[in-house]
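A.B. asks: could you look at this predicted model? Sequence included:
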Amino acid sequence: MQNFDVVVIGAGAAGLFCAGIAGQRGLKVLVLDHSEKVAEKIRISGGGRANFTNREIDPHAPHKHFLGDNPHFCRSALSRYTPQDFVALLGRHGIPFHEKHKGQLFCDRSADDLIQMLLAECAVGGVERWQPCGVKAVRAAGGGGYEIDTERGTVHSARVVVATGGLSIPKIGATDFGYRLAKQFGLRLVEPRPGLVPLTFDGEAWAPYADLSGLALPVQIEVGFKKEHVAFNEDLLFTHRGLSGPAVLQISSYWHQGMAIRVNLAPEFDLPNALAHAKSQSRKLIANELASLVPSRLADAWAAQNADWQRPISEASDKALARLAERLARWALTPTGSEGYRKAEVTLGGIDTRELSSQTMESRQPGLYFIGEVVDVTGWLGGYNFQWAWASAHACATGL
Ligand SMILES: Cc1cc2nc3c(=O)[nH]c(=O)nc-3n(C[C@H](O)[C@H](O)[C@H](O)COP(=O)(O)OP(=O)(O)OC[C@H]3O[C@@H](n4cnc5c(N)ncnc54)[C@H](O)[C@@H]3O)c2cc1C
C-alpha cells in the first residue's frame, strides 16, 4: 500500500493550492479528483478570466463580505493569507491581471493562467496527482492515519484534506462527497442551499415582465428588515424565467423562500420630483418621459400596467404619477424559487465551522481537514470565494 503524509481529495482551487504549499514544505502529497479535467470551476469562472480575488476584503470584518453561521470563523485564515499575497504569487509567475470594479481582480488572458500556476506550484512541491480517480471510501486506519480506497487501489495517509467544493454545477463534477464524509465521522453540517443564483417567478405572475428578457440596468436591490436588512447597488438582468445579474446573485445568498425582495429600478433619480417636473414641462406620453429615466423597454412595460399611466404626462393626476414613482422605486416581488444548483455559483452552508479549527481547518476528527467551499463560509460575488479557497488552503497547508 502506498503511503503519503497528506491525501487531498479534490483538485480544484483550494485542493491544488493546499497541495502545492504542503508539498513545498516537505510533505509527501497525493491529490485525487474524480473528474477528467483539472480545476474546471476555475476555468469557467469570471466569464473565463477568473475573478481570483478582491482588494476590498477586510479580514478584520469578514462579516461584511462572507456569510455562514459564524462569519468570524474566516478571520484568522483571511488575515494570514491576503489578496496581496496571492497577487504577489501571480507576479512571481508573470501572470498579467487587471482590476474591474469594486476591487475585483481578473486575469488579463484567461483563467487557464491560474490553473497552470497552481499545477506548477504542485510540481515544485513534488505533488502526485491521480486524475480521474474516484474515491470509494475513507476510514480511520488501525495504526493511525487513514486508509483511502481509490479507483487505483488503497493508499494510506497520515492526514486527509477534503477540498471537494460545493454542489453547484453538478455537470462539471460537483458532488456531496465532503458532506457525506463529514457525516460519516459525526461532524455537523449547516444545511446546504444554492447561493449566487438567479431567482425565478411564477409563470403567470411573471408574464408582464417576460418580454423584458435580456434587459440589464443598474438598480438598488434589498431584502430583509432591521438587523437582517441587506442592500446592493448592482446591475439587474431580466431573464425569461425571472431575474439575474450581479444584483440578484448577491441578494439571492440572503434570500429565503417566501421573502420579498425590493428593487429600486431608477436609484439615481428622485422619481416623484422628476415626474412632477416632467408634468409641468411636457406633453409627451408618460412612457416617453419615463424613457429618459429608465430603459425605454422598461418604461413601456411599466406604463402598460395601468390605464392611468397610458396618457400624456401633462394630463396625469398627481396621485397616478406618485403611484408610478412608488412602483418603480419600491418594486416588491416574491420569488417562487431559484434556478438551483444547476446555475448557482456557490453553495451556502456546508461543514459547520464549530467542528473546525479556524487556525488549521482540522476537524474534531484528528487528521481530517476541510477547506474551500465545502465549509460553511460563502463569499459575495466578486472574487471573495476564491480568496476563501486560497486562504483556507494556506491555513491548512501550514498547519498540516
Ligand atoms: C460559473 C461559476 C463562476 C464562478 N466565478 C467565480 C469568480 O469569478 N470568482 C470567485 O471568487 N468565485 C467564483 N466561483 C466560485 C468558485 O469557483 C468556487 O467557490 C471555488 O472554485 C471553490 O473552490 P474549491 O476548491 O472549494 O472547490 P472546486 O474548485 O469546486 O473544486 C472541487 C473539486 O473537487 C472535485 N470533487 C468533487 N467531488 C469529488 C469526489 N467525490 N471525488 C473526487 N473529487 C471530487 C471536483 O471535481 C473539483 O475538481 C464561480 C463558480 C461558478 C460555478
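C.D. replies: Ah, there it is.
A.B. asks: ok, now which ones touch the single nearest residue of the stretch 51-200 of the chain relative to the ligand?
C.D. replies: Per C-beta to the nearest ligand atom, residue 165 is where the stretch 51-200 of the chain lies closest to the ligand, at 2.7 Å. Yep, even glycine has a C-beta here, placed from its N, CA and C like the rest. Counting by C-beta atoms under 8 Å, 6 or more residues apart in numbering, residue 165 touches 10, 12, 14, 41, 174, 178, 347, 372, 373, 374.
A.B. asks: kindly report the same for residue 121.
C.D. replies: Neighbours of residue 121 in contact, by C-beta under 8 Å, 6+ apart: 16, 17, 20, 21, 24, 89.
A.B. asks: okay, residue 322: pLDDT?
C.D. replies: Reported pLDDT at residue 322 in the predicted model: 95.
A.B. asks: which helix runs longest in the protein?
C.D. replies: Counting residues, the longest helix found in the chain (DSSP state H) is helix 384-399.
A.B. asks: mean confidence score for it?
C.D. replies: 98.
A.B. asks: same check on stretch 91-107?
C.D. replies: For stretch 91-107, mean pLDDT rounds to 97.
A.B. asks: can you list contacts of that stretch?
C.D. replies: Contacts with stretch 91-107, where a contact means C-beta under 8 Å, 6+ apart, come from 46, 49-57, 83, 87, 90, 108-109, 113-114, 117, 120, 382-383.
A.B. asks: near the ligand too, which of these?
C.D. replies: Restricting those to those near the ligand by C-beta under 6 Å from any ligand atom leaves 46, 50, 51, 383.
A.B. asks: mark which of the residues you listed are part of helices, please.
C.D. replies: Reading helices off those, I find no matches (DSSP H).
A.B. asks: neighbour-wise, which one of those residues leads?
C.D. replies: Tallying neighbours with other C-beta atoms under 10 Å puts residue 383 at the head of those, with 28 neighbours.
A.B. asks: quick check: the gap between that one and residue 245.
C.D. replies: Going from residue 383 to residue 245 by C-beta to C-beta, to the nearest Å gives 17 Å.
A.B. asks: in the stretch 201-350 of the chain, which residue sits closest to the ligand?
C.D. replies: Closest contact between the stretch 201-350 of the chain and the ligand, by C-beta to the nearest ligand atom, is at residue 345 (3.9 Å).
A.B. asks: was I right about that residue contacting residue 166?
C.D. replies: No - the criterion here is C-beta atoms under 8 Å, and residue 345 misses it with residue 166 at 9.4 Å.
A.B. asks: show me which of those two is the more surrounded one.
C.D. replies: A direct count of neighbours by other C-beta under 10 Å for residue 345 and residue 166 places residue 166 higher, at 29 against 22.
A.B. asks: ok, now which ones touch the more buried one?
C.D. replies: Contacts of residue 166 (C-beta under 8 Å, 6+ apart): 174, 192, 346, 347, 350, 373, 374.
A.B. asks: could you dump the contacts of residue 121 into JSON lines with secondary structure added?
C.D. replies: Shown next, in JSON lines, are the contacts of residue 121 (DSSP: H, G, I helix; E, B strand; the rest coil):
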{"residue": "16", "secondary structure": "helix"}
{"residue": "17", "secondary structure": "helix"}
{"residue": "20", "secondary structure": "helix"}
{"residue": "21", "secondary structure": "helix"}
{"residue": "24", "secondary structure": "helix"}
{"residue": "89", "secondary structure": "helix"}
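A.B. asks: how distant is the helix or strand bottoming out on mean pLDDT in the chain from the center of its chain?
C.D. replies: In the chain, no helix or strand scores lower on mean pLDDT, DSSP states H and E than helix 203-210, which sits at a mean of 86. Taking C-alpha atoms, centre = their mean, to the nearest Å, one finds helix 203-210 lying 27 Å from the centre of the chain it belongs to.
A.B. asks: now what about it, what contacts it?
C.D. replies: 201, 238, 240, 241, 242, 301, 304, 305.
A.B. asks: among the residues you listed, which are located in strands?
C.D. replies: 238, 242 (DSSP state E).
A.B. asks: rewinding a little: after the least confident helix or strand of the chain, which helix or strand is next?
C.D. replies: Downstream of helix 203-210, the next assigned helix or strand under DSSP states H and E is strand 216-223.
A.B. asks: dump that next one to PDB, restricted to CA.
C.D. replies: Extracted in PDB, the C-alpha atoms of strand 216-223 (Å, rounded to 0.1, in the frame of the first residue of the first chain):
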ATOM      1  CA  ALA A 216     -30.000  45.000 -18.000                       C
ATOM      2  CA  LEU A 217     -30.000  48.100 -15.800                       C
ATOM      3  CA  PRO A 218     -28.400  49.400 -12.600                       C
ATOM      4  CA  VAL A 219     -30.600  49.100  -9.600                       C
ATOM      5  CA  GLN A 220     -30.700  49.100  -5.900                       C
ATOM      6  CA  ILE A 221     -31.900  45.800  -4.500                       C
ATOM      7  CA  GLU A 222     -32.800  44.900  -0.900                       C
ATOM      8  CA  VAL A 223     -34.100  42.100   1.200                       C
END
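A.B. asks: that strand pairs with which strands, and in what direction?
C.D. replies: strand 230-238 (antiparallel), strand 261-264 (antiparallel) (DSSP bridges).
A.B. asks: the closest residue to the ligand within the stretch 301-400 of the chain and residue 385: what is the separation?
C.D. replies: Residue nearest to the ligand within the stretch 301-400 of the chain: residue 372 (2.3 Å; C-beta to the nearest ligand atom). Distance from residue 372 to residue 385, counting by C-beta to C-beta: 9 Å.
A.B. asks: and residue 264, by the same measure?
C.D. replies: 27 Å.
A.B. asks: who's more crowded, the two?
C.D. replies: Higher neighbour count among residue 264 and residue 385: residue 385, with 29 against 19, using other C-beta under 10 Å.
A.B. asks: OK, contacts around the nearest residue to that one once chain neighbours are set aside?
C.D. replies: If the residues on either side of it in the chain are set aside, residue 385 comes closest to residue 379, at 4.3 Å by C-beta to C-beta, 6 or more residues apart in numbering. By C-beta under 8 Å, 6+ apart, the residues touching residue 379 are 65, 66, 67, 346, 385, 387, 388.
A.B. asks: neighbours around the closest residue to residue 310 other than its chain neighbours, how many?
C.D. replies: Nearest residue to residue 310, sequence neighbours excluded (C-beta to C-beta, 6+ apart): residue 303, at 5.8 Å. Using other C-beta under 10 Å, residue 303 has 21 other residues around it.
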